[in-house]
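Visitor: sequence plus predicted model, see below.
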Amino acid sequence: MSNDFSVHVEHVTRVEGHGNIILDVKNGKIEKLQWSVVEAPRFFEAMLRGQHYNELRPITSRICGICSIGHSLASLKATEDALGVKITSQTATLRRLAIHAENMQSHILHIGYLVAPDLFGAGSVFSMLGKHTDAVLKIVKLHRLANEMSDLICGRTIHPIRLVVGGFSLQPTEKQLIQLKKRLLEAQELTNELAPIILSVADNLPSFTRETEYIGLTSDEEYSLYDGDIASTDTGKHPSYRDYKEIMQEYIVPHSTAKYAKHARDSYMVGALARFNMNSCQLHPVAQDIASLFKLKAINYNPFMNTIAQLVEFSHSIQDSIYLIDTLVDQGIKQEKPVKPMKKAGRGVGIVEVPRGILVHDYTLNSQGYCTKANCIIPTNQNHANIQKDMEKLVPEIINRPEKEIELTLEMLVRAYDPCISCSTHYLDVSFK
Amino acid sequence: MIPVSLVLPIISTFPSNNFFCCMKKKIGVIGLGNPLRRDDGIGLVLLKYLQENKKKLSKTIEFIDGGTSGMNLLHLLGNYDIVLILDAVDFKGTPGEIKKFTVEQIKNQKIQFFLSTHEPDILTVFSLLKELDKAPTQLLIFGIQPKDISYRIGLSKEVHQVLPILQKKILKEIQSITE
């Protein structure tokens, strides 16, 4: 290949908010290599100021169309932390089911519609139809189930309505939960059939490694998604969730309008692989079997394996959901009213794991219950620096390959992280025939 | 000032409302958009109005807040024989202007490649459903031209001014389609 070339993936999707990959090589040397997220500064925190605490959850559920349950839960936890609300164990269990529903929804979308086409060399999910229709249909079925689970627990496929401060506005019935359990058992069978299909093309995941720091929630009790302590693979557990800024140190870079983040090193990774690397021993045995099938062991430093970690988590979410449903049915599900706040003022921090990683909401409420200060740290912004550092190590390793292959590998790297780069509008831009 | 287009019937090259003659079918009215981005949320504002006036509409209609669902719309769309979408659409019209159209009438349809699952829009979802043979029999989009889609809650002055007219029009349109 030529000594001089450029790879510019200028990915303008809709109105604004896009990720650009820029690589300029001259005389065989890298002159410029940038992962640049050009996104209009988001004003979500400003929108929250002046809003009553009951409005914070519905507003933040609109930040992202993929992680609307996660934003809802982080928002509720922050609000309840500020107002001293102690939720019931039934609410905590149902919220765990909600977070599993979203994890499954998002992971199967990512595995099936975004990464599988790369692995099958198909270009897009559309091109997979015909030759790999069976795989697509399995993915579609699993996706449907995850959506139905979200509908049942949260009242909607996305932008949930049943999650409210102090509990749920409506709980599912025992009959509905038993029906869901049957569907989850079927989903595990389908997942077991899908895993070998993915395995058959898993060699197409680049065998790249770069040591980095992984950050997420951890707990002695469970594989952390809804609750836990902030932890790092470099520095261990952090003593206080309220001091999350000591871990998630956000900063601005000149080439991007999105915030970046670092901690013990110059970048860190959040998401399924980070959680797997920290907490894999707490996965359900069925999920651990899937990890073994792919020879995925902690610590794994290959970011492309994030997709496999998602498949492992998908199975864990099925199994843990079955366990949680059994618990609810055994205890007898009650139509509980939400717990009322005992006070109106205070500062609260809510942290959950969403599909792309650890998410923080931090609110301060005044004596009338209105928000005076808000901070949201989203997973994608925490991953931007890690994507950049991965590219800086990856490109010299593949620089002698054909230009198209370099471009595809860099795109695959970005897709492995599945960044949230403009989900806040789905505005169409059309002209007519 | 009210744009001229809004005192006229909804602009359409759509064949006729008789297109939807088999009225026992399952109909979904889906509002799309983000209320945190000003006029991008107009589809949801209109959906809410229709829900509040559902007694004036056929009982076979279901109302869905699709928000910014992207690919998660796949199964929602597949649940209906007829889908009516309410959404902000930039067709280079006057702010608040409304057009109804089918997917087939759009010139610049293309299957994009994606870097993120957050990207697919309604057109991509519909195309995939067609490939899977699970698409609704008909999909009709009511596109409203936005003025401002910046990050702020509340419609722009231009779109807000014509909202009562938009609401009446959309109610009348959906009544005539589904009667």
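Guide: Arrived safely, thanks for sending.

Visitor: please make it C-alpha for all contacts and neighbour counts, starting now.
Guide: OK.

Visitor: state the distance from B:L166 to B:L47.
Guide: B:L166 is 11 Å from B:L47, where distance means CA to CA, to the nearest Å.

Visitor: ignore the last one, A:R156
Guide: 15 Å.

Visitor: neighbour count: the two, which is higher?
Guide: When A:R156 and B:L47 are compared for neighbours, B:L47 comes out ahead with 24 against 19, by other CA atoms under 10 Å in any protein chain shown.

Visitor: now do whichever strand in chain B runs longest, average pLDDT.
Guide: Among all segments of chain B classified by DSSP state E, the strand with the greatest residue count is strand B:82-90. Regarding strand B:82-90, the rounded mean pLDDT is 93.

Visitor: tell me the buried residues in the helix ranked longest in chain B?
Guide: Among all segments of chain B classified by DSSP state H, the helix with the greatest residue count is helix B:163-178. Neighbour-count burial for helix B:163-178, with 16 or more other CA atoms under 10 Å in any protein chain shown as criterion, is recorded at B:163, B:166-167, B:169-171, B:173-174, B:177-178.

Visitor: circling back: does the longest strand of chain B come close to chain A?
Guide: Yes - counting by CA under 8 Å from any CA of the partner chain, contacts between strand B:82-90 and chain A involve B:87-90.

Visitor: I'd like the next helix or strand past that strand.
Guide: Secondary structure here is assigned by DSSP states H and E; on that basis, the next helix or strand after strand B:82-90 toward the C-terminus is strand B:98-102.

Visitor: other SSEs contacting that following strand?
Guide: In terms of contacts (3 or more CA pairs under 8 Å, 6 or more residues apart in numbering or on different chains; DSSP states H and E), strand B:98-102 is packed against strand B:11-12, strand B:138-144.

Visitor: pairing partners for it, with directions?
Guide: Next to strand B:98-102 in the sheet, as set by DSSP bridges, lie strand B:11-12 (parallel), strand B:138-144 (antiparallel).

Visitor: so where's chain B uncertain?
Guide: Within chain B, the stretches with pLDDT under 70 are B:1-24, B:108-119.

Visitor: brain fart, chain A
Guide: Residues of chain A that meet the criterion pLDDT under 70 lie in A:1-2, A:9-18, A:38-42, A:422-433.

Visitor: helices of that one, start to end?
Guide: Listed in chain order, the helices of chain A (DSSP H) span residues A:44-48, A:53-60, A:68-83, A:89-109, A:116-119, A:125-128, A:133-154, A:174-200, A:272-279, A:285-293, A:306-331, A:379-398, A:403-417.

Visitor: which strands or helices does the third one pack on?
Guide: To tie it back to what came earlier, the one meant is helix A:68-83. Under the contact rule (3+ CA pairs under 8 Å, 6+ apart), helix A:68-83 is packed against helix A:53-60, helix A:89-109, strand A:163-164, strand A:346-354, strand A:357-365.

Visitor: adding mean neighbour count, write the ones you listed out as JSON lines.
Guide: Formatted as JSON lines, these follow (neighbours: other CA atoms under 10 Å in any protein chain shown):
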{"stretch": "helix A:53-60", "mean neighbour count": "22"}
{"stretch": "helix A:89-109", "mean neighbour count": "23"}
{"stretch": "strand A:163-164", "mean neighbour count": "23"}
{"stretch": "strand A:346-354", "mean neighbour count": "25"}
{"stretch": "strand A:357-365", "mean neighbour count": "25"}
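
Visitor: could those be laid out in TSV, adding distance to chain B?
Guide: Putting the helices and strands packed on helix A:68-83 into TSV (distance: least, CA to the nearest CA, whole Å) gives the following:
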stretch	distance to chain B
helix A:53-60	7
helix A:89-109	7
strand A:163-164	16
strand A:346-354	14
strand A:357-365	15
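
Visitor: can I get the helices of chain A in TSV with distance to A:I358?
Guide: Converted to TSV, those look like this (distance: least, CA to CA, whole Å):
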stretch	distance to A:I358
helix A:44-48	18
helix A:53-60	16
helix A:68-83	10
helix A:89-109	12
helix A:116-119	25
helix A:125-128	28
helix A:133-154	20
helix A:174-200	25
helix A:272-279	9
helix A:285-293	21
helix A:306-331	15
helix A:379-398	6
helix A:403-417	13
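
Visitor: single out the most deeply packed of those.
Guide: When neighbours are counted by mean count of other CA atoms under 10 Å in any protein chain shown, the highest per-stretch mean among the helices of chain A falls to helix A:68-83, a mean of 28.

Visitor: okay, the angle between that one and strand A:357-365?
Guide: On the basis of axes from the mean of the first three to the mean of the last three CA atoms, to 10 degrees, helix A:68-83 is oriented at 40 degrees to strand A:357-365.

Visitor: give me the angle between helix A:68-83 and helix A:89-109.
Guide: Helix A:68-83 runs at 150 degrees relative to helix A:89-109, counting by the same axes, to 10 degrees.

Visitor: kindly export helix A:68-83 (C-alpha atoms) in PDB.
Guide: Listed next in PDB are the C-alpha coordinates belonging to helix A:68-83 (Å, rounded to 0.1, in the frame of the first residue of the first chain):
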ATOM      1  CA  SER A  68     -33.900   5.400  29.100                       C
ATOM      2  CA  ILE A  69     -34.400   2.900  31.900                       C
ATOM      3  CA  GLY A  70     -30.900   3.400  33.200                       C
ATOM      4  CA  HIS A  71     -31.300   7.200  33.200                       C
ATOM      5  CA  SER A  72     -34.600   6.800  35.000                       C
ATOM      6  CA  LEU A  73     -33.100   4.600  37.700                       C
ATOM      7  CA  ALA A  74     -30.000   6.800  38.200                       C
ATOM      8  CA  SER A  75     -32.400   9.700  38.500                       C
ATOM      9  CA  LEU A  76     -34.700   8.000  41.000                       C
ATOM     10  CA  LYS A  77     -31.700   6.900  43.100                       C
ATOM     11  CA  ALA A  78     -30.300  10.400  43.200                       C
ATOM     12  CA  THR A  79     -33.700  11.900  44.100                       C
ATOM     13  CA  GLU A  80     -34.400   9.300  46.700                       C
ATOM     14  CA  ASP A  81     -30.900   9.800  48.100                       C
ATOM     15  CA  ALA A  82     -31.600  13.500  48.400                       C
ATOM     16  CA  LEU A  83     -35.000  13.000  50.000                       C
END
